[in-house]
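[1] dropping the sequence and predicted coords here.
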Amino acid sequence: MKFSYNWLNSFFEKDLPDPEKLSEDLIMHFFEVEEVEKKNDDYVIDIDILPNRAYDCLSHEGVAREISAILELDFSEPETEKNIKKEDKDNNFEIEIDRKCASRYLLAGIKGVEIGKTPKPIKERLEACGLQSVNAVVDITNYVMLETGQPLHAFDGDKIEGNQIWVRRAKKDESITVLGGKRYKLSNSVPVIADKKGPVGIAGIKGGKRAEIDKKTNFVLLEAANFDPVKIRKASSEIKLRTDASLRFEHGMDPNLAEKAIKRTVHLIEKYCKGTLTGDPLDFYPKKKKKKKIKLSIENSNNLLGVKLNEKDITNILNRLNLKTEIKNKKEIEVTVPTYRGDLEIEEDLIEEVGRIYGYENITPQNPKAIISTPEYDKFLYLQEKVRDLFVGLGFTETYNRSFIDEKVKEIFNCQEELMKMKSPVSKKYTYLRPRLIPGILENIKDNQKKFDKIKIFEIGKTFNGEGEEEMIFAGADLSNFRKMKGNLDLLFQKIGLKNISYKAFESSIYDLQAAEIMQKNQRIGVLGKIKKDILKKMKVEGDPVVFEIYIEKLMGKSLLRPDYKTVSKFPIAVKDISVLVPEKTNYEVVSKKIRSVAGSLLIKIELFDLYQGDKIPEGKKNFGLRLSFRSDRKTLSKEDIKKLLDKIILTLQKEGEWEVRKK
Amino acid sequence: MDDIQDIEKKALSEIKKTDSKKEINKIEKRYLGKGGIVSEIFKLISESSPEKRADMGKKANELKVLISKKIGEKKGEIKSEAKKTKEQNFDFTLPGVSPDFGHLHPITQSLREIIRIFEGMGFSVVQGPDVETVRYNFDALNFPKDHPAREMQDTLFIEKEDFLMRTHTSPVQVRFMEKREPPFRIIVPGRVYRNETTDASHEINFYQTEGLMVGKKITVANFKAIIMEFIENFFDGDIDIRLRPSFFPFTEPSFEVDMTCTICDGKGCSVCSNTGWIEVLGAGMVHPNVLKNSNVDSDKWQGFAFGMGIDRLAMIKYGIEDTRLFYSGNLDFLNQF
């Protein structure tokens, strides 16, 4: 809220410190000052009043009270109409209030009003705070709102039909034209001020056009009420109308403030617009709000703040805040809270008051006393970090994508399942929670393809199903080929001790035929391969990326989270190369499995060093160049040992008929 | 046969004088090549009288051996000289060949730093769901029902009743405390969401770290010590902090923490709006209602909680100007980390 420095200053006999210094003090002991701006002879101080103090500090008086406590300066309240007790002869109005809509309702009649020019100081202060001048009476009500925090409304009493005012919920199909001319249809949940003809104002939000104050107004009906915060909040969001008044009511206010504010307003109207009060205002106030008493233990206060204040320090601070204190015993203070401090409810609230006025800057940092203990070891986090490090080492760059996809991407990826849908997101880009990471990864490729030849990226992030269930996924892509990417993943599986991995053909609406699902024993732990061309086209990806998705959560319990170490043999390795010519349709795995089954544990490694298909071999065939490494844990293998083994392997392979084996 | 001696003299002097590869090859060709001087001599010898032949032949042969030896030596000299020159002229200013190396996202790097520092002080890392319930995100955290305080953060609601994208990591405080016995020392890093139009300082999703320490006598003074330790460690410097009063429904007292602007060392610049201070986190002492809502006895236990934006910390640390870069997948950006 914007505050006028001159206005704040007017509450004090002594001058306040300059605006910059004052802002510093407010920042350290009250709330943040967003901006200080010079305006004519005044300064506008924009203070970020947070919800707890909206109760009393959306007002100059409230902030002045804070300043008086922080700087220990005497401050005086503005003048009000004191002599209000007199019989009301001219005002024969009656009020009927729905107590669920308002906890207090005051209505005062002022007759013989002459609407003249708004006095200059009032006009200037309103403008400093960003309000436009309307007419003297309306300006005075706004002025008192900015001063006290109590919204008020003035009706032209002569325009009210009949002599009764109701505060009630709007009836079905009722509507109202408000000040400024806009028309609102009202529902049963909107509280209104009404006369016998219908609504003359939307309670706590805005007045109606029908009983508007104009130049000829002579009889002013002045309202100061305490409307129900929840009802005002709901009504305001329902009809989409927020005003300075509704803002204050929504946060809740002190019902006792209404009386103070109406007296002040009457005083100003009598002073500047002539007119006389017809008598005591009508007052609906069934349940009077009383001052609260809260006990504050000195020990608790010191123990929470980490300071050593004595009873005198604490009572001094509380008294400065206009909180009356009574020492119950040496240890406890009974604090009486004025009704305008609605935010003070429990002991901790008082401790905050002590802390902030004392100054957090005066609290000396102190290391906590705690038992030395090692933090808990989050294995899943460890796995993720391991994966990140390995892939960065393999040349992949980590990306973070937003957690959302839009309708278009949902269609491109043919998402059959229900997705989590957002309720009125700021942009359609955030319509659904992402069900997988691939769309983001492809988008990254598209965005970078013009600038980079090599793109190797990965992401570890949450995905969401239609129930809102979350799964962490590890996905990535590059522009190489299937075998290279498979090599990356195989290295990962080795480093994290994930065994029994195999690759299987599978059907997918996203991946094309150059793809496989990755199995660990019988469970699918991921997929790897090329994306269908039409999806790439729709995503505007130009290259032909190899993509993988690993269901990293499923690796927990299966992965050793460390390599599976085997004793290093001290005996030498014997290496033999063979070439195997097989039909095109024969998978490598069939050949390698056959070799392993014959060779047993002495064969420690098979390497595919060459894969050939072409003119030099018969059509429909392919040739594997294989390097076999043999080693025993117990002895040095002799030439005869190797030869025997190799012959056995070759013999077995050749039994397949169509296979041809040659030694190199 | 003075000729042979003259030829020898001439040849040796020519060989001696030269130091170029091209020249020595020419000399070799001239003397020893096909139709060269030496072969001319042999030709002459074959035409001369038999008694002279033996003696001359011997001499000519000696000449051939000598020249070819000298040429060989010279060639060796020239070669090693060239090698030496090549070594001397090694150009160490040629650009390095870029290795194929990846890059860790700056948020991951910041997160690791944060975790490292807090784990060093005995804090465990705990995580929670991004899709939250109204109960954990607001109710249990002492946000009054139908109160404007719920609008302090722009909430992204889900069409599923009572569900939302968590606006902060604070719900995990309750989720964690419900299941455990105090004392607690945890941090909760994770992604949070705000329904805000994105710009240089706003994102629809970003990262936050919650911190929670609960014990018998955990104080504001303790919070100051822990957070100073963190800030000084994370930003690697002697950095000042200050606590300002603030309001959060789930802490009482509540404060915001500013640190000295690292861009201008507190002198005032555009980054800190000329205040010399940068706001880095919100914090406070856990509200007794939150402890109660988490089944923790608020008469026995107390402590502090804080929440800080990791994106913001990373922006300050690296001097990143636009928060959207974190989620852009822009390799010009990512490859720098």
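    Sure thing, it's come through. Residues are numbered from 1 along each chain as shown, chains lettered A, B, ... in the order given.
[2] thought residue A:394 was touching residue A:487?
    No - using CB atoms under 8 Å, residue A:394 and residue A:487 do not qualify as a contacting pair, with a distance of 9.1 Å. Yep, even glycine has a C-beta here, placed from its N, CA and C like the rest.
[3] so those two - more neighbours on which side?
    residue A:394 (21 against 13; other CB atoms under 10 Å in any protein chain shown).
[4] which residue is the nearest non-sequential neighbour of that one?
    residue A:488 (5.3 Å; CB to CB, 6 or more residues apart in numbering or on different chains).
[5] who are the contact partners of the one you found?
    A:391, A:394, A:396 (CB atoms under 8 Å, 6 or more residues apart in numbering or on different chains).
[6] in which helix or strand does it reside?
    helix A:482-495 (DSSP states H and E).
[7] report the buried residues of that helix.
    Across helix A:482-495, burial judged by 16 or more other CB atoms under 10 Å in any protein chain shown covers A:482, A:485, A:486, A:488, A:489, A:492, A:493, A:495.
[8] state the pLDDT value of the third one.
    In this case it means residue A:486. Note for residue A:486: predicted pLDDT of 96.
[9] distance-wise, check it relative to residue A:460.
    Per CB to CB, to the nearest Å, residue A:486 is found 19 Å from residue A:460.
[10] can you pull the contacts of residue A:520?
    Per CB under 8 Å, 6+ apart, neighbours of residue A:520: A:498, A:499, A:500, A:501, A:554, A:555, A:558.
[11] quick one, phi/psi of the fourth one?
    In other words, residue A:501. phi -90, psi 140 (degrees, to the nearest 10).
[12] for the lengthiest helix in chain A, give the mean pLDDT please.
    The longest helix of chain A (DSSP state H) is helix A:255-272. For helix A:255-272, mean pLDDT is 94.
[13] mind listing what's buried in that helix?
    Buried, per 16+ other CB under 10 Å, within helix A:255-272: A:255-270, A:272.
[14] ditto for stretch A:281-293
    Of the residues in stretch A:281-293, those buried (16+ other CB under 10 Å) are A:281, A:282, A:284, A:285, A:289.
[15] how about stretch A:376-391?
    A:383, A:384, A:385, A:386, A:387, A:388, A:390, A:391.
[16] ok, stretch A:552-565 next?
    Neighbour-count burial for stretch A:552-565 [16+ other CB under 10 Å]: A:552, A:553, A:554, A:555, A:558, A:559.
[17] which pair of the buried residues of stretch A:376-391 spans the longest distance?
    Distance extremes for the buried residues of stretch A:376-391: the farthest pair is A:383 and A:391 at 12.6 Å, using CB to CB.
[18] so who does residue 117 touch?
    Went with chain A since none was named. Residue A:117 sits next to residue A:136 when contact means CB under 8 Å, 6+ apart.
[19] other chain: chain B
    B:229, B:230, B:233, B:234.
[20] most neighbours, which of these?
    Going by other CB under 10 Å, residue B:230 tops the contacts of residue B:117 with 26 neighbours.
[21] how about the nearest residue to that one, chain neighbours excluded?
    Leaving out its chain neighbours, the residue that sits closest to residue B:230 by CB to CB, 6+ apart is residue B:117, at 5.5 Å.
[22] does that neighbour count as helix, strand or coil?
    Recorded secondary structure, residue B:117: helix (DSSP: H, G, I helix; E, B strand; the rest coil).
[23] what's the spacing between it and residue B:303?
    19 Å.
[24] what about stretch B:13-23, start to end distance?
    13 Å (CA to CA, to the nearest Å).
[25] how does the chain divide into domains?
    Since no chain was named, I'll use chain A. With automatic domain parsing as the criterion, the domains of chain A are listed as A:2-71, A:94-284, A:292-362, A:379-555, A:574-663.
[26] you answered for a different chain; I wanted chain B.
    If you go by automatic domain parsing, chain B breaks into B:2-89, B:106-334.
[27] tell me the most buried of the ones you listed?
    Stretch with highest mean neighbour count among the domains of chain B: domain B:106-334 (a mean of 20; mean count of other CB atoms under 10 Å in any protein chain shown).
[28] centre of the chain to that one, how far?
    Remark: domain B:106-334 is offset 25 Å from the chain centroid, using CA atoms, centre = their mean, to the nearest Å.
[29] now the residue nearest to residue A:394: how far from chain B?
    11 Å (CB to the nearest CB, to the nearest Å).
[30] so where do the helices sit in chain B?
    So, for chain B - with DSSP H - the helices run B:2-17, B:21-32, B:37-47, B:50-88, B:106-120, B:134-137, B:171-179, B:220-234, B:288-293, B:310-318, B:331-334.
[31] report the distance from the fourth one to the chain centre.
    When C-alpha coordinates are averaged (CA atoms, centre = their mean), helix B:50-88 and its chain have centres 60 Å apart.
[32] Provide the strand pairings for the strand or helix carrying residue A:462, with the direction of each partner.
    Residue A:462 is part of strand A:456-464, with elements assigned from DSSP H and E. In its sheet, strand A:456-464 lies beside strand A:397-398 (parallel), strand A:470-478 (antiparallel), with partners assigned from DSSP bridges.
[33] so which bits of the stretch 401-550 of chain A are right by chain B?
    Residues of the stretch 401-550 of chain A that fall close to chain B, judged by CB under 8 Å from any CB of the partner chain: A:401-404, A:420-427, A:430, A:433, A:440, A:443-444, A:447-448, A:451-452, A:454-457, A:462, A:464, A:468, A:470.
[34] tell me the buried residues within these.
    Buried among those (16+ other CB under 10 Å): A:401-404, A:420, A:422, A:425-426, A:430, A:433, A:440, A:443-444, A:447-448, A:455-457, A:462, A:464, A:468, A:470.
[35] now, those that are in helices?
    Counting by DSSP H, these contribute A:440, A:443, A:444, A:447, A:448 to helices.
[36] where does chain A dip in pLDDT?
    Along chain A, segments meeting pLDDT under 70 span A:81-91.
[37] and the top strand by length along it with helix A:255-272, angle?
    The single longest strand within chain A, with elements called by DSSP state E, is strand A:102-113. Here the directions of strand A:102-113 and helix A:255-272 differ by 10 degrees (axes from the mean of the first three to the mean of the last three CA atoms, to 10 degrees).
[38] output the contacting helices and strands for strand A:102-113.
    strand A:94-97, strand A:164-169, strand A:220-227, helix A:255-272, strand A:274-277, strand A:282-284 (3 or more CB pairs under 8 Å, 6 or more residues apart in numbering or on different chains; DSSP states H and E).
[39] now what about the next helix-or-strand element following that strand, what contacts it?
    Of the helices and strands lying after strand A:102-113 in sequence (DSSP H and E), the nearest is helix A:120-128. For helix A:120-128, contacts defined as CB under 8 Å, 6+ apart pick out A:2, A:4, A:6-7, A:39-40, A:42, A:44, A:118, A:132-133, A:139-140, A:142-143, A:146, A:268, A:272.
[40] please pick the buried ones from these.
    A:2, A:4, A:6-7, A:39, A:42, A:44, A:118, A:139-140, A:142-143, A:146, A:268, A:272.
[41] sort out for me which of the residues you listed are in helices.
    A:6, A:7, A:139, A:140, A:142, A:143, A:146, A:268, A:272.
[42] phi and psi next, for the closest residue to the last one other than its chain neighbours.
    Leaving aside its sequence neighbours, residue A:272 sits nearest to residue A:119 (CB to CB, 6+ apart; 5.4 Å). According to degrees, to the nearest 10, the main-chain angles of residue A:119 amount to phi -60, psi 140.
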